[in-house]
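Trainee: Fold the following.
(chains A, B, C and D)
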Amino acid sequence: MSAVLLTAPQQMQPLALEFVVPVVSGLIQGSVYGLLGLGLVLLYKSGRIFNFAQAEIGTFSALFAAFADQGTGPFPDLPVPVAILIGLLTGVGLGLLVERVVIRPLFSAPKVTVVVATAGVLLLLVALGGFLSGPEPRSAVQIFEGDFLETSSLRVTDTGALVVVVLAVLAVLSALFFSRTRTGTAIIAVSQEPTATRLVGISVERTSALTWGIAGLLGAIAGILLSGTVGVVFPGSLTFIALVPAFTAAVLGGVTALPGAFVGGVVVGMIESFAQTNIPKDVLPGSGKVVLFVALLAVLLLRPAGLLGKET
Amino acid sequence: MNLRRSRGFTIAILASALLTAACGLKPEVKDALQQNPGLAGGSGGQVAVDTDGDGVVDAFTTDPAAGGVLPDGTTPGTTDGTTGGTTGGTTGGTTGGTTGGTTGGTTGGTTGGTTGGTTGGSAGGPTAPVKGQGDTTGIDFASKTITVVIHGPLTGAGVPQESFRTGGPKYWEKSGPKGGFRLLFGDWKVKVEAVDDKYNAQDALRACNSAAKSAFAIFGGAGTDQIQACAQSQVLRRANVPYLSSGVTESGLGKLPNYFAGSMTYKQQSPLVIRAAKEKGFMNKKWAIVITGTPNFADARDSIAAELIKNGAKGKAGAFNKDNDIILTEKAPRDCLTVGNQLRSGGYESVYFLGQPLFFGQCVNQYPQATYTGPGPSFGIQSVADLACRGGAGGFKGFYLHPSPDKAMAQKGAAGAPAFTDDIEAGIWGGMQQLEQAFNLIKGPVNRQSFIAALAKAGTPGGVLQPAAYNGSTRFGGTGAYLNQITCSGTSGKIQTVATYKK
Amino acid sequence: MSVVEERADAPAAEQGQAPRTGRQFGPIRWVPRLMVMGALAYVFLYRIPQDDGGAAAIAADACIYAIVGISLNILIGHTGQLSLGHNGFFGIGAFAAAYSLTVRDVPFALTFVIAGLVGALFALVMGLVALRITGLYLALITLVFALTLEESLFEVEWLTNAGGGQPADRPEWLIDDANFFYFCLAFLVVAVYIDYRLLASKTGRALLALKENERVAEAFGINVTAFKLIAFVLSGTLAGVAGALLAYRIGLVTASGLGFNLALTFVLMTVVGGLGSRLGVVLGASLFASLSFLLEETWMHSVQEFLVGLASFGSEGAKANLEQYAVGFLGALGLLLTIVQFPGGIGQQFRAFFDWTFGKPFDVHALLHPQDDGPGAVEGSSVRA
Amino acid sequence: MSVLEVRDLAIRFGGLQALQGLNLEVNEYEIVGLIGPNGAGKTTAFNCITGFYQPNTGSVSYRGRDVTKAPPHVKAAMGFGRTFQNVGMVKSATAIDNLKTAQHAKAGYDVLSGLVGTSLTSRRERELTAKADAILDLLGLQHIRDKRVGGQSYGTLKLLELGCALATDPDILLLDEPTSGMGPDESDELGDRLLTLRREFALTMLVIEHHVPLVLRVCDHVYVLNFGRLLAEGKPSVIQTHPEVVAAYLGGEAPEALEQTQETEEDAELDRLTGQAAQHHDNPSIAAPELVEPEPSGPARRRRAAAASAAAGSAEERLRPKKRAPRKRPATTEEDESA
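Mentor: Have a look, this model is predicted:
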């Protein structure tokens, strides 16, 4: 994509606004949704849970990375890689904590109860983040500060490009994880036959913790990258910006298929961008949202398994 | 007998009890309502003559346009008030004050009179607040305190600012003699309470309506939608609560009897934007207008578009086009990527940007190449500038019209003030200064009616802010604005006042 | 026979308890109860509305939220349909009322009818979707639906005046907050009555049946499709009317006040209150509506100060701004505790007291073992996935 | 004229032909048995007849009217009362409320007057309660009147479910294994009860039943299904000695294993349809795992089966299919066809 743009930006000028710009910004936005969606899919796949706190785990991680980067609170002023590491660890820790304190006691509860509980976790995290960071936006950790690409009609920052790459790599890696590794198959097995898996010696508890740990890590990656592209992070910021599109991405892509999150995210991002660019606000406000809602509804009605999902 | 049945029974009892109670209480409540004086006349921007609960004629009859005669026999004079105010504003008031002596007409006037008379020394001649006269809500006679409420986004999705909380007390409590309380006429104090409007019109209105019961006057800190919502509040209009704010939209605010804009509205600033563009050399470029698509910005949008066309501005495809070169946005920052790329692919070089501050900073990040201009953000320009400089790789450049000048200049204009932490504190300082000047305009006893009447026919002489002048026909009294240049030094924004524009 | 007769009208949820002795009669037993009732009536009917510190307005909020709670409980608690989009129905009712009053000059009373109808219409649309999409997906689609409304329809200029908001002035006689509180309370009483009648009639039984097992419901001759839609329409009507009340309560409706947070708050208060428990839902809703007021104005302020005091870093000198988080913190904590520890919710906790007040012996068991057997314990936790 | 007439009924699920060319007739005042090994398609036939499934071909007529396409609730209102293999009731409601819920179609007032609370409503509600009480009396279940049905024993539930089916005011009653979970004495009692019901309510019945003595005693006519096709039909005494039927039934498998076919169908299938995982009820205080758990775990099921067969006493008393015909079925339809 970028290669095309680099070689022929001038010729594309007439089309740029209506087509290229939405595609590129949609790709970047969509990758962010996809990154969050990846964590959502993982948790849905392993336990039939929609985790409303996923984005906020990301915010929390990004906040901690920012603390470490800026030397706030207990942190000394740390270099960027260390700050990012702290952010990632925060995400993993949060995932494990949520699993232990909220999810595990609700193992036998109806899934909807668990989902409402994750919404509670979301609010709790916003409040805790607020207590720690205050409501003011805090500048986020920047992994890179340069521009990946700049032409007369669009600009892609390094962080933006990084998001796309990371999402693609993670989507492939996690798909491999589930199909090729023992742990991955164990997670699937637990989700489908908890009792039987317990009988063959797989610890349901440990698998659940592992899943949430990974989900926390994915959330943290999404959080740090997204706050990087936006520039700031504050309590609730990721939830506000990306949670619902991420859900939509996950469902569109097929909530049980991991690469689906990638495809879904990109589709969602592009749909949103196209609608926003090409449907003026005074004609239809929130056009991006409307188009997304219609798309989501259509997919759920016509192909409930999503674009890449398998009928199970 | 099972529970459900008993519940139903209970509910029936409760319901009938409630209804009886509600009906029984209604007359009392109505009485209470009637005792609450100060119903505003609905039109004309004038304060209606009113009677209080006892049916006694109020302490004054007000018809500012006609220059009515106050009960104490003095003729209210505009010049009088203004000069009194000017001196009063900075020195704290040494002249005047004798007129307070004998407010005729009602009981309680004597108390007021004595206080005013003995203490003397109030600037421009207001008498101390008097019980039983006009609407003195928010005035505590025991502790001699007048309560004023500032609403602003202490929290919320904008750029939430602690300075909205600290700005008021800084003026009233820390900049008086020896860094203590600043005293009004007759040693009265002003207590400022900051309430959170969460950068949201609904919450602002909620906050204002509840403040109307406890505060004498309300000051709108920031946010067009919030200010408009509050100013238009049914409760505020009805109780005739003085409402002051910086100038924002004109939509729906022009005819409100209790509203005063202390600085120029966005619409009024449009010609000044053109002037700045000409003087600073970004007029002959390709122009775009990026504006949040709310009706409250429609007047700003239409006026700047008209000005641009009148001055022969260029747009993306030749002449500035009223439709094509305006980008309407949502409020959500996630639009910024799109907006940035739209600006980029349109090749715009000068951008008039009016929207939520946080949004502004983020959008500029996406496309720092243009010169940004516009009125406002009416607050928080420093954080906006920081945000814009951080992501824009230092390339951001902007000229913004703003009610208050840069920090250094504001500090100079505010003698005795502790150091301002940011432009919000400076702006609030200026607003509070206006408020004090307004208090000092009052002839006779202080109440909501007399406050509004006095301010409506005069104005405030300014200080940190430019002067404001009201007359019978307008409440948009701003007479000037500061042109603040934003540049980046590293990743932090630098704000410098480069010009002072008069209307 | 009389025993049978008396049991006759008992709806589903309340029976099947451990048998309790019947109502105790005798004047002496009623003295303390009447005192409690009198005290409650004094506080809620006089003390709070006449409070000059703004409590009346908050009490009106509480009534409005309670109506929403009842509306939501009809869907989640009785019918088992998780709606995360109630802010949508609520909001469209608010806008419909404000628009018809302010722009169209519709008489005040009629605006409530319009709000109810519009709320019902939107809920019907969602109900049609719910026929095909169930469980978590329904939760998701309702959420997205409400957010879409918030960003599209609620930003349409002619209807909502976009960001500026649509004003809705109260008539003269309602401007006083105390009067407005009584006005809202009357609506709440009607809503409670409707909910009571719902459970006492065949509709409530039909909803419970289709919530638990649609096929059994069909075998019983219940038109599952129709009754699902009825539940949505009823719920939407109540939410729409509550929205109209909110419009008049504040005087202005804006999209930004009707977002995701509100949707979550609605679900939270209903779950914390105790799904399926009318008393609990009303209490939970009132609590959430007034929490920030309580934290500001009452002894609970010390709780807030304590919480804010715990927040130690990253916010030096800005602790005053942290107060808003206390509400979210306590609310979320309440929710998690409810779900994990007390699935019966507030309703369960208060039931012993409530029952006692209205004539039953004080049931210590119900208080100490809230998870036993209460309606919340079963219905509250068996929302169908 | 026959009450119920099924012609050439066929339905397939994916690759599985669950029913094929089923012809069946139930005449006024008859009790007709429908038997066959597990997976033969008995419950599927029920579901087609009552409208839960739409057959691919064939027709169902009720008293001469073609009702093939009528949805279940319409059929219920028409006079089709049915029970489920694994008890279909509202488990969190009380016995009396279940009986009132079952009278839904005959409630006699509309939703709105129910919400308003008119005098008609309260009168009708009293009548519904009276009828429910009468049914409880009839079945001897007054003692569980105000108990939540979720906590009752399986046999009680089957009985109460029969009561619910009666409460729908049926013209024809379709009973899916009414004796499952009952001991032999209870089963005998049920047989008497069915005959009494027929006499007193002038009912017509179609019964899926394994308990052969009962079938022999009460049925006027028996249809035998195997592999989704009609294997034989006729008088019970004839069927009993029908060579193919005997071949289909008598095999090598232990009775316990056959008892395992008490699989739940409803929840598992719903879950499958909605793509949701099995939903477990989380209230430990409620017993009766058959009701509570959509998929009873293996050991519990086996225990129950063992208990049932121990109670059954001699093996020949309960004519049971001894061998499940070896066949491969796609996994997806397992829940559909466990009967």
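Trainee: Tell me if D:Ser59 really is in a helix.
Mentor: No - per DSSP: H, G, I helix; E, B strand; the rest coil, D:Ser59 lies outside any helix segment and is strand.
Trainee: Just give the number of residues close to it.
Mentor: Using other CB atoms under 10 Å in any protein chain shown, D:Ser59 has 14 other residues around it. For the C-beta atoms, the positions are set from N, CA and C on the backbone; glycine is no exception.
Trainee: so how far is A:Leu243 from it?
Mentor: Distance, D:Ser59 to A:Leu243, using CB to CB, to the nearest Å: 51 Å.
Trainee: Report the rounded mean pLDDT for the helix or strand hosting D:Thr196.
Mentor: Element membership for D:Thr196, per DSSP states H and E: helix D:184-201. In this model, helix D:184-201 has an average pLDDT of 86.
Trainee: Could you name the helices and strands sitting against it?
Mentor: strand D:31-35, helix D:154-167, strand D:204-208, helix D:212-218 (3 or more CB pairs under 8 Å, 6 or more residues apart in numbering or on different chains; DSSP states H and E).
Trainee: Nearest to chain C, out of these?
Mentor: When the helices and strands packed on helix D:184-201 are compared by CB to the nearest CB, helix D:154-167 sits nearest chain C, at 7.1 Å.
Trainee: helices or strands up against the closest one?
Mentor: Short answer (3+ CB pairs under 8 Å, 6+ apart): helix D:154-167 packs on strand D:80-82, helix D:95-102, helix D:119-139, strand D:172-176, helix D:184-201, helix D:289-292.
Trainee: if we go to 10 Å?
Mentor: Packing partners of helix D:154-167 (3 or more CB pairs under 10 Å, 6 or more residues apart in numbering or on different chains; DSSP states H and E): helix C:214-219, strand D:80-82, helix D:95-102, helix D:119-139, strand D:172-176, helix D:184-201, helix D:289-292, helix D:298-312.
Trainee: Put together TSV for these, with mean neighbour count on each row.
Mentor: Shown next, in TSV, are the helices and strands packed on helix D:154-167 (neighbours: other CB atoms under 10 Å in any protein chain shown):
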stretch	mean neighbour count
helix C:214-219	25
strand D:80-82	28
helix D:95-102	29
helix D:119-139	18
strand D:172-176	26
helix D:184-201	16
helix D:289-292	20
helix D:298-312	15
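Trainee: Let's have the ones you listed in JSON lines, adding distance to C:Gly276.
Mentor: Below are those laid out as JSON lines (distance: least, CB to CB, whole Å):
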{"stretch": "helix C:214-219", "distance to C:Gly276": "17"}
{"stretch": "strand D:80-82", "distance to C:Gly276": "28"}
{"stretch": "helix D:95-102", "distance to C:Gly276": "14"}
{"stretch": "helix D:119-139", "distance to C:Gly276": "21"}
{"stretch": "strand D:172-176", "distance to C:Gly276": "30"}
{"stretch": "helix D:184-201", "distance to C:Gly276": "34"}
{"stretch": "helix D:289-292", "distance to C:Gly276": "18"}
{"stretch": "helix D:298-312", "distance to C:Gly276": "29"}
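Trainee: which one of these has the lowest average pLDDT?
Mentor: helix D:289-292 (a mean of 32).
Trainee: any idea of the pLDDT on the closest residue to C:Glu155 other than its chain neighbours?
Mentor: Excluding the flanking residues, the one nearest C:Glu155 by CB to CB, 6 or more residues apart in numbering or on different chains is A:Pro285, at 3.6 Å. A:Pro285 is assigned a predicted lDDT (pLDDT) of 77.
Trainee: Relative to chain D, how far out is C:Cys30?
Mentor: In this structure residue C:30 is Trp, not Cys. In this view, C:Trp30 and chain D are 26 Å apart by CB to the nearest CB, to the nearest Å.
Trainee: just B:Tyr400 next, same as before
Mentor: In terms of CB to the nearest CB, B:Tyr400 sits 55 Å off from chain D.
Trainee: what packs against the one helix or strand C:Phe354 maps to?
Mentor: Element membership for C:Phe354 (DSSP H and E) is helix C:345-357. When contacts are defined as 3+ CB pairs under 10 Å, 6+ apart, helix C:345-357 sits against helix B:3-35, helix C:27-41, helix C:260-273, helix C:278-297, helix C:323-340, helix C:364-368, helix C:375.
Trainee: least reliable of those helices going by mean pLDDT?
Mentor: Sorting these by mean pLDDT places helix C:375 lowest, at a mean of 35.
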